[in-house]
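Participant: Show me the folded form of this:
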Amino acid sequence: MDPSIPQEPGVDQGRSIPRSRTGENEVLEGEVIDRGVPLGRPQPGPPPPPRPAKDPKQRKRTRRTVLWTLLGILVFVLLSGVGFGIIYYDKATKPNTDTPGVALEEFFDARFNGARPERVQQLICRSPDLSEFDKLISVLDASKGPSAEVITAHASELILNYPSQDKAEIETDLVLTSGPQNHAGVGEERWRFDLVREDGWRVCGAHRLD
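Facilitator: Here you go, the predicted structure:
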């Protein structure tokens, strides 16, 4: 070593100097490789296979299934609305027949106030005996005169008897009125009405007691 040249770091003459790699898998002389690491650089794996294109028929089947499901829900909603409407209408138009007294008042209202035959049929039994009452109606209709004022009726002082669990008898004063606000009295007669329980109470007979 020349003493006139500044000393440089010593070089170990026995140490190999790494060379540039000539290939990706080539191990260079002097390269330090940890234990357990495979020789050579890891190669990237194969690319993932492309996703298969969706079958057009499968798309159509899926779309059809969704449409049928939505259509079924719509039909269910519509039918439910119709059903609730029918139930509500039935409750609103069905006369009250929970008790014999209420059923009798409903019968008078349907028979006199506008004479609604379809409602009367809902308030009488399957085999009624109302001939005497029908005669009274005929007499009242013939006596109305030119003004044809509406005659109304209601029961007063009811006496209720139950001959059996499904039969009831009501004795009452049948009060008939007419004119504006029903101020004009037409008459008052004593009657007995027979009622039976057939899906509610129904008028089944009428007999004059005077």
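Participant: Low-confidence stretches in this protein?
Facilitator: Across the chain, the ranges flagged by pLDDT under 70 are 1-45, 50-57, 82-93, 114-115, 144-149, 179-186.
Participant: all strands of it, in order?
Facilitator: 124-129, 152-164, 167-178, 184-197, 201-208 (DSSP state E).
Participant: Check which helices and strands the longest one sits against.
Facilitator: The elements that strand 184-197 packs onto, with contact taken as 3 or more C-beta pairs under 8 Å, 6 or more residues apart in numbering; DSSP states H and E, are helix 100-112, strand 124-129, helix 131-142, strand 167-178, strand 201-208. (Glycine included, C-beta is placed from N, CA and C.)
Participant: Quick one: the ones you listed as JSON lines, columns for mean neighbour count and distance to Ile73 too.
Facilitator: Converted to JSON lines, the helices and strands packed on strand 184-197 look like this (neighbours: other C-beta atoms under 10 Å; distance: least, C-beta to C-beta, whole Å):
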{"stretch": "helix 100-112", "mean neighbour count": "21", "distance to Ile73": "41"}
{"stretch": "strand 124-129", "mean neighbour count": "14", "distance to Ile73": "43"}
{"stretch": "helix 131-142", "mean neighbour count": "13", "distance to Ile73": "53"}
{"stretch": "strand 167-178", "mean neighbour count": "18", "distance to Ile73": "49"}
{"stretch": "strand 201-208", "mean neighbour count": "20", "distance to Ile73": "43"}
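Participant: could these be laid out in CSV, adding distance to Trp68?
Facilitator: Listed next are these as CSV, based on distance: least, C-beta to C-beta, whole Å:
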stretch, distance to Trp68
helix 100-112, 48
strand 124-129, 47
helix 131-142, 58
strand 167-178, 55
strand 201-208, 48
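Participant: For Arg190, which of these is the nearest?
Facilitator: Closest approach to Arg190 among those (C-beta to C-beta): strand 167-178, 5.9 Å.
Participant: which residues touch the closest one?
Facilitator: By C-beta atoms under 8 Å, 6 or more residues apart in numbering, the surrounding residues in contact with strand 167-178 are 100-101, 104, 108, 140, 149-163, 183-197, 201, 209.
Participant: hmm, 6 Å instead?
Facilitator: 100, 104, 149, 151-162, 184-196 (C-beta atoms under 6 Å, 6 or more residues apart in numbering).
Participant: Report the inter-axis angle for it versus helix 100-112.
Facilitator: 40 degrees (axes from the mean of the first three to the mean of the last three C-alpha atoms, to 10 degrees).
Participant: what angle sits between strand 167-178 and strand 184-197?
Facilitator: 160 degrees.
Participant: Listing partners with orientation, what would you give for strand 167-178?
Facilitator: Strand 167-178 pairs in its sheet with strand 152-164 (antiparallel), strand 184-197 (antiparallel), by DSSP bridges.
Participant: buried stuff in the first one?
Facilitator: When you say that, I think you mean strand 152-164. Using 16 or more other C-beta atoms under 10 Å as the burial criterion, the residues of strand 152-164 that qualify are 152-155.
Participant: Sort out which one of the residues you listed lies nearest Lys135 for me.
Facilitator: Ala153 (14.5 Å).
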